[in-house]
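[1] I'll drop the sequence and a predicted model, then ask my questions.
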Amino acid sequence: MIAFTFSINNIVAQDTLNFLEPANIYIPQRGKIVGIGIGSTYAVSVAGLYNLWYKDYPLGNFHFFDDNGEWLQVDKAGHFGSAYYLGKWGIDLFKWTGMERKKAICLGGSVGFIFLTTIEIMDGFSEQWGFSSGDMIANTTGTLMAISQELAWDEQRIKVKFSYHETKYPSYRPDQLGENSIESLFKDYNGQTYWLSANIKSF
């Protein structure tokens, strides 16, 4: 009975590992899972960000705003890092479907760019902010960092890292820096740290 139990567990574990591994050929069922998953996540995330960031401010005509001199460029690091991470996750998901390599890298790597461009358009219609060319440059750079490394090396040898610690400042300006821990994670730039990490051995 014990041997039988181990055998069943081994089969389940093996099936799970096989399911998580990227496919060698395109599997339509996996394509549907990824398509529905990314689409649903996109819709929920945009709705959540609207409620978190935009709903308390009036909307107006689409306009541009140069914010390159503000926030000590921490917001640009956030755009760069977000585009990179979303692109890397997108690449992994599209590879998992078995899609042709270059197509998976380019389509998956663009997930972050599409999502962040949506946010930038929302900024453009908000009276509080505006469409920022600096943000778009950061979005593009983060996206290209994920795609180019995957095309060149089939791996990410240089990675963006992020950490956050709570600060005292949201208690003074909760409207700007967050009314709770979740909001502060996104809004309180004082507690955010970004850096690059390189795997020297891989070179």
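    Sure thing, it's come through. Here the structure is a predicted model, which is why all the values come from computation and not from measurement.
[2] going forward, measure contacts between C-alpha atoms and count neighbours the same way
    Will do.
[3] quick one: contacts for the residue most central in space within the chain?
    Closest to where the C-alpha atoms of the chain average out (C-alpha atoms, centre = their mean) is residue 86, at 2.8 Å. Applying C-alpha atoms under 8 Å, 6 or more residues apart in numbering, we find residue 86 in contact with 109, 111, 112.
[4] please give the element, helix or strand, for the last one.
    Right, the one you point to is residue 112. helix 111-125 (DSSP states H and E).
[5] I'd like the next helix or strand past that helix.
    Following helix 111-125 toward the C-terminus (DSSP H and E): helix 133-153.
[6] and that next one, average pLDDT?
    Across helix 133-153, pLDDT averages out at 97.
[7] ok, residues contacting that helix?
    64, 66-68, 75-77, 79-85, 87-88, 102, 105-106, 109-110, 112-113, 116-117, 120, 155-157.
[8] whichever of those residues end up buried, select them in PyMOL.
    Listed next is the PyMOL selection for buried residues among those, using 16 or more other C-alpha atoms under 10 Å:
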select buried, resi 64+67+75+76+77+79+80+81+82+83+84+85+87+88+105+106+109+110+112+113+116+117+120+156+157
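[9] in helices only, show me the contacts of helix 133-153.
    Taking DSSP state H as the definition of helices, the contacts of helix 133-153 contribute 75-77, 79-85, 87-88, 102, 105-106, 109, 112-113, 116-117, 120.
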